[in-house]
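S.K.: Sequence unavailable; structure follows:
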């Protein structure tokens, strides 16, 4: 099987976000593979172990993303591709990324393209479905179980607390939800092998795509952090007094009643 994983470099989940002059400051910040993409990587590796084939991790970004791609290789991916847009697009949106990926995949042979359900930084969950639409192939999102038999796929999809079972054919795009598997940690032998595995770097010119064709459709007007939460109030006294004070606070301060 020809398996591809869409991967994104994101802030560490424990990283404190700092915004200055409307821009997120990246200096000194820690970055990781988007956690939902780790489920996609693990699923691709397990499918390769079961059916054979190769797993290719693909990301769109800058040179800094090479570190996360090497981590994916250490986990068990066979090769990686970095589509470097650092000098071409400063603030790409979901349209930009899916368009660039389409120009890469239209010349590839693929059976299954896997990605995370959402990226923890943007949270739109648009790139994989947009890519599937451009490639004109089926897409199943937020899956928690996947079975491949020949050219047929059966997926269990998380659907607002319920489970939906979908059957379709390959090629296919899927996005992984938490619970699909338990991502493995890179082993020391895996880390050593990752240094020798192929990592190809491409630019927009290599994909015969002009930067105007991938220009973002969205414009960010402002970035800001949510207001800090104020400390709660402790209401003392008998239950009747507490209830009376609570109603008064909800009416006068919170203005919700």
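M.R.: Okay, I see it. A quick note: this is a predicted structure, and the numbers were derived from the prediction, not measured.
S.K.: how about residue 142, secondary structure?
M.R.: Secondary structure, DSSP: H, G, I helix; E, B strand; the rest coil: residue 142 is strand.
S.K.: again but with residue 107, I slipped
M.R.: Following three-state DSSP, we place residue 107 in the coil state.
S.K.: tell me the contacts of it?
M.R.: Residue 107 makes no contacts at all, as judged by C-beta atoms under 8 Å, 6 or more residues apart in numbering. Placement of C-beta: from N, CA and C, glycine included.
S.K.: which residue ranges form the strands in the stretch 1-150 of the chain?
M.R.: Assigned by DSSP state E, counting those that start in this stretch, the strands in the stretch 1-150 of the chain fall at 2-6, 9-11, 19-20, 23-24, 31-33, 54-61, 79-84, 112-116, 139-149.
S.K.: Please apply the same query to the stretch 151-257 of the chain.
M.R.: 152-159, 162-169, 172-176, 199-202.
S.K.: coming back round to it: ranking the strands of the stretch 1-150 of the chain by burial, who's on top?
M.R.: strand 112-116 (a mean of 28; mean count of other C-beta atoms under 10 Å).
S.K.: pLDDT (mean, whole number) over that strand?
M.R.: Taken as a whole, strand 112-116 has a mean pLDDT of 97.
S.K.: Can you list the strands that that strand pairs with?
M.R.: strand 2-6 (parallel), strand 172-176 (parallel) (DSSP bridges).
S.K.: Out of these, the one nearest residue 92 is which?
M.R.: strand 2-6 (14.0 Å; C-beta to C-beta).
S.K.: re the thing from before, switch the strands of the stretch 151-257 of the chain over to CSV; also include mean pLDDT.
M.R.: Shown next, in CSV, are these (pLDDT from 0 to 100):
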stretch, mean pLDDT
strand 152-159, 92
strand 162-169, 94
strand 172-176, 96
strand 199-202, 96
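S.K.: I'd like the strands paired with strand 112-116 as a markdown table, with distance to residue 77 appended.
M.R.: Output for those, formatted as a markdown table (distance: least, C-beta to C-beta, whole Å):
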| stretch | distance to residue 77 |
| --- | --- |
| strand 2-6 | 7 |
| strand 172-176 | 15 |
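S.K.: Just tell me which of those ends up closest to residue 100.
M.R.: Once the strands paired with strand 112-116 are compared by C-beta to C-beta, strand 2-6 is nearest, at 11.2 Å.
S.K.: mind checking how far the closest one is from the chain centre?
M.R.: Strand 2-6 sits 14 Å away from the centroid of its parent chain (C-alpha atoms, centre = their mean, to the nearest Å).
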